[in-house]
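>>> What follows is a predicted structure for the sequence shown.
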Amino acid sequence: MTIARPTTAATALAALLTAVALAGCGDGSTRYRIDGAHGLFCVPDAINASLAAPTVDGAVDGGFAIRSRCREDSDACIDRDVLISSAVYSRRSFSGRRFVDFPPDAFIRHMAVSRSGDAQRLDDGLLAIPDPGERDAWFIWRQHGRPHAAVEGDDELMASCSFAPMHQRYFCQRMLRGPDYTANYSYVAEDRLPTSFASRDKRVLEIIDGLRCE
């Protein structure tokens, strides 16, 4: 399991959104077009982690990535308490995160079945399945209906997390369906596996939607 590690950010969410508003789509930012999303996204170059070839109108097709580490002397930074990084791309790429959505030969599905005996119950609705390929790494599933011993049916994969002893924190990755795009983001979950996601999801969507061009 590959989990992104944190980097230092200079400012919080308010500074990011202020910088985006001031930058517009002028110098120091790039316009991105995501298939199916309304309008364009203006991403300051200071927080952009990937570039592609621009089209005739100057916008870049295919999505973008943002990260919390900022270039030197830049005010356009992501709130380190919310987000390490995020890849933003077409909503059609979101194939579903339910157990039944994964192909029979998918690694995550195989782990959910074969390692259910080693699962850790986080609360009545959440079950953490260990990843044998990495020490203290887990797949977190939200179970549909009443709690049950194994992952199955409509149970949904919420996040994958890995503990970093050096930092004494969990670093997690989560795929999120936005209003008209998909976001795959990584974040810090402190010293225990996360059991709630709604508040962070909301803040991540606010960051991404704040990048839309006026």
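Cool, got the structure. Here the structure is a predicted model, which is why all the values come from computation and not from measurement.

>>> hang on, residue 63 packs against residue 92?
No: if you go by C-beta atoms under 8 Å, residue 63 and residue 92 don't touch, sitting 11.4 Å apart. The way it works is simple: take the backbone N, C-alpha and C, and place the C-beta from them, glycine included.

>>> Compare the two and say which is more crowded by neighbours.
Shown here are residue 63 and residue 92; by other C-beta atoms under 10 Å, residue 63 has more neighbours (21 against 10).

>>> what's that one in contact with, if anything?
By C-beta atoms under 8 Å, 6 or more residues apart in numbering, the residues touching residue 63 are 32, 34, 87, 88, 89, 90, 181.

>>> What is the neighbour count of the second one?
When you say that, I think you mean residue 34. Neighbour count of residue 34, defined by other C-beta under 10 Å: 23.

>>> quick one, what contacts it?
Residue 34 makes contacts with 41, 62, 63, 88, 89, 90, 180, 181, as judged by C-beta under 8 Å, 6+ apart.

>>> For the chain, just list every one of the helices.
Remark: helices assigned in the chain by DSSP state H are 13-23, 107-114, 198-209.

>>> Local confidence estimate at the residue nearest the centre of the chain?
Closest residue to the average C-alpha location of the chain: residue 185 at 1.3 Å, with C-alpha atoms, centre = their mean. Per-residue confidence for residue 185 comes out at a pLDDT of 94.

>>> check contacts around it.
Contacts for residue 185 (C-beta under 8 Å, 6+ apart) come out as 83, 84, 85, 86, 87, 173, 174, 176, 204.

>>> closest to residue 195 among the contacts of residue 63?
The closest of the contacts of residue 63 to residue 195 turns out to be residue 87 (C-beta to C-beta; 24.5 Å).

>>> So the closest one sits against residue 65, correct?
Yes: counting by C-beta under 8 Å, residue 87 touches residue 65, with 4.6 Å between them.

>>> which stretches of this structure have low pLDDT?
Within the chain, the stretches with pLDDT under 70 are 1-27, 50-56, 69-81, 214.

>>> how does it look with 50?
Residues of the chain that meet the criterion pLDDT under 50 lie in 1-26.

>>> What residues sit buried inside stretch 139-147?
By 16 or more other C-beta atoms under 10 Å, the buried positions in stretch 139-147 come out as 139, 140, 141, 142, 143.

>>> hang on, the earlier thing: from the contacts of residue 34, which would you call buried?
By neighbour count, with 16+ other C-beta under 10 Å, those hold 41, 63, 88, 89, 181 as buried.
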